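Novice: Please find the sequence and the predicted model below.
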Amino acid sequence: MELTGIHVPLITPFAADGSVALDALAALADELLTAGAAGLVALGTTGEPAALTEEERWAVVDVAAAACAAYGATLTVGAHGGDTRATAEAVAAIRERVPQAAAALVTVPGFVRAGEAGTVAHFRALAAGSPLPLVVYHIPYRTGQQLSGAALLEIAAIDGVVGVKYATGGLDEAAVQLLAAAPDGFAVLTGEDAFLSPLLALGAAGGILASAHLATARFVELAAAWRAGDAARARELGHRLTGLALAAFAAPNPAVTKGVLHAQGRIPTPDVRLPLLPAGRAEVDAALALVSGLDQ
């Protein structure tokens, strides 16, 4: 499979009674794909999967699957488990429940800090029995596990591992090493929204970006500009989208994004589930102003 372009990790909108607002989610998914998103990610961090019941998680996946089927878009689903065996079971369940899923997004093992050798062994074991291609989610400030460029390249060479969502908090040496030597067919997708433009300039395939909820077509335009070699346009647009990306993460994700979507009338409430709290008015207003400014 080929993973390129802008993929949006869906938020989970909530109704006033606290239930998942599935109609609003379906409408939002339609908007994102109409605006040019290459795919959707269900049950990524942005979707608050740990705060959802199992029934709610599958309902969210079903909505995303229907939208992707209608648009011929790529569906990636987050698989969660405390150890390798549980994660493998989660990936298998995705395949059984959602046959059209293109890939499973699997986080580097969290909390246990398995080390580089253990992390490589984890993905090797998962890929060996996985019914789905795997996208590695490398986010060390959540997992507590750093990976060197050499370890990432070892993971990238595993048959069945097709990409990485790279979210290390910046543009680091390991990213440069990975982009320089990644095997053919392996996609580096940034998960750090503010670093999309520089990573695209270095050869990244695209991004999985929460802030792309707010300006999907512009993020798609940015990726297209770098692909076309229009560096002047890409730099100018990239600088503006960087500001929006930073504003979208001024409070814990996805609070600001939900606040903006609610202010725009696109979801029924700005609510998140505890332990997250809604974004403040100033944070939402700042992001809203930047969204509006993109059309000027």
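Specialist: Thanks, I have it. Numbers count the residues shown, from 1 in each chain.
Novice: all helices for the stretch 101-250 of the chain, in order.
Specialist: Assigned by DSSP state H, counting those that start in this stretch, the helices in the stretch 101-250 of the chain fall at 115-129, 140-143, 149-156, 173-181, 196-201, 216-228, 231-248.
Novice: Nearest to Ala255, out of those?
Specialist: Smallest distance to Ala255 across the helices of the stretch 101-250 of the chain (C-beta to C-beta): 9.4 Å, for helix 231-248. To be clear about C-beta, it is placed using only N, CA and C from the backbone, and glycine gets the same treatment.
Novice: List the buried residues in the closest one.
Specialist: Neighbour-count burial for helix 231-248, counted by 16 or more other C-beta atoms under 10 Å, picks out Ala234, Leu237, Gly238, Arg240, Leu241, Thr242, Gly243, Leu244, Ala245, Ala247, Ala248.
Novice: Which elements pack onto it?
Specialist: Under the contact criterion of 3 or more C-beta pairs under 8 Å, 6 or more residues apart in numbering; DSSP states H and E, helix 231-248 touches helix 196-201, helix 216-228, helix 255-263, helix 281-293.
Novice: Among those, show me which one is buried the most.
Specialist: Neighbour counts (mean count of other C-beta atoms under 10 Å) averaged over each of the helices and strands packed on helix 231-248 peak at helix 255-263, with a mean of 24.
Novice: now the one helix or strand Ala29 maps to against helix 216-228, angle please.
Specialist: Assigned by DSSP states H and E, Ala29 belongs to helix 22-34. For helix 22-34 against helix 216-228, the angle by axes from the mean of the first three to the mean of the last three C-alpha atoms, to 10 degrees is 30 degrees.
Novice: continuing past helix 22-34, what's the next helix or strand?
Specialist: Sequence order places strand 39-42 as the next helix or strand after helix 22-34, per DSSP H and E.
Novice: Work out the sheet partners of that following strand and label each with its direction, please.
Specialist: Here strand 39-42 is paired, per DSSP bridges, with strand 5-9 (parallel), strand 74-79 (parallel).
Novice: for those strands, which one sits closest to Ala174?
Specialist: Proximity to Ala174 (C-beta to C-beta) singles out strand 5-9 among the strands paired with strand 39-42, at 21.5 Å.
Novice: Let's check: the centremost residue of this structure is which one?
Specialist: By C-alpha atoms, centre = their mean, the chain has its centre lying nearest to Ile208, at 3.5 Å.
Novice: That one reaches Pro9, doesn't it?
Specialist: Yes: judged on C-beta atoms under 8 Å, Ile208 makes contact with Pro9 at a distance of 5.5 Å.
Novice: any common contacting residues for these two?
Specialist: The contact sets of Ile208 and Pro9 overlap at Val41, Gly44 (C-beta atoms under 8 Å, 6 or more residues apart in numbering).
Novice: Any regions of the protein where pLDDT drops low?
Specialist: For the chain, the stretches with pLDDT under 70 are 296.
Novice: does the closest residue to Ala51 other than its chain neighbours sit in a helix or strand, and which one?
Specialist: Nearest non-adjacent residue to Ala51, counting by C-beta to C-beta, 6 or more residues apart in numbering: Arg273, 3.8 Å away. Assigned by DSSP H and E, Arg273 falls within no helix or strand.
Novice: how many neighbours does Arg273 have?
Specialist: Neighbourhood size, Arg273 [other C-beta atoms under 10 Å]: 13.
Novice: check contacts around it.
Specialist: Arg273 makes contact with Phe14, Glu48, Ala51, according to C-beta under 8 Å, 6+ apart.
Novice: neighbour-wise, which of those residues leads?
Specialist: Neighbour-wise, the contacts of Arg273 (other C-beta under 10 Å) top out at Phe14, 23 neighbours.
Novice: if I pick the closest residue to that one other than its chain neighbours, what's in contact with it?
Specialist: Nearest non-adjacent residue to Phe14, counting by C-beta to C-beta, 6+ apart: Asp271, 4.4 Å away. Asp271 is in contact with Phe14, Gly18, Lys258, Pro278, counting by C-beta under 8 Å, 6+ apart.
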